[in-house]
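1. attaching a predicted model along with its sequence, questions to come.
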Amino acid sequence: MKLYKYKNGKCNVSGNNIRCLREKADLSQEQLAARIQLAGLNLNQKAISRIETGERVVPDFELLFFSSALNVSVLTLLKTD
């Protein structure tokens, strides 16, 4: 499968928003990973780091877990500047 980069070599649009919202909620990457794991998705701190830096693709079903863990809508995660 060919992966296309979005902007500046990033593989996702939501990573920066996830980082900002995580920091606003005063959560570490480890704490966010724990919330997501408790909701039923096996995602570790390293995966969150790669998402935030744009090195990892974020499938649509994972956005549902992030939106729930961060108490925001999926659309909020997809906003671009």
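-> Looks like it came in fine.
2. now do the helices for the protein: every range, in order, please.
-> 15-24, 29-38, 45-52, 60-70, 74-78 (DSSP state H).
3. quick check: closest non-adjacent residue to residue 79.
-> Closest residue to residue 79 apart from its sequence neighbours, by Cβ to Cβ, 6 or more residues apart in numbering: residue 17 at 6.2 Å. For every residue, glycine as well, the C-beta is placed using N, CA and C.
4. correct me, but residue 76 touches residue 18?
-> No - in this structure, residue 76 is not within contact of residue 18 by Cβ atoms under 8 Å, at 9.9 Å.
5. more neighbours: which of these two?
-> residue 18 (24 against 15; other Cβ atoms under 10 Å).
6. is it true that that one touches residue 79?
-> No - contact between residue 18 and residue 79 fails when scored by Cβ under 8 Å: they sit 11.3 Å apart.
7. how much space separates residue 70 from residue 5?
-> 24 Å (Cβ to Cβ, to the nearest Å).
8. then residue 39?
-> Where residue 5 is concerned, residue 39 sits at a distance of 29 Å (Cβ to Cβ).
9. looking at those two, which is more packed in?
-> Using other Cβ under 10 Å as the criterion, residue 39 and residue 5 rank with residue 39 on top: 13 against 10.
10. report the contact partners of residue 71.
-> Taking Cβ atoms under 8 Å, 6 or more residues apart in numbering as the criterion, residue 71 is in contact with residue 25.
11. quick revisit: burial of the residue nearest to residue 79, as a residue count?
-> 20.
12. check it and give its pLDDT.
-> If you check residue 17, the pLDDT there is 97.
13. correct me, but it touches residue 77?
-> Yes - taking Cβ under 8 Å as the definition, residue 17 is a contact partner of residue 77 at 5.1 Å.
14. what's the spacing between the closest residue in space to residue 70 that isn't next to it in sequence and residue 31?
-> Spatially, and ignoring its direct neighbours in sequence, residue 70 is nearest to residue 21 (4.7 Å; Cβ to Cβ, 6+ apart). Separation of residue 21 from residue 31 (Cβ to Cβ) stands at 13 Å.
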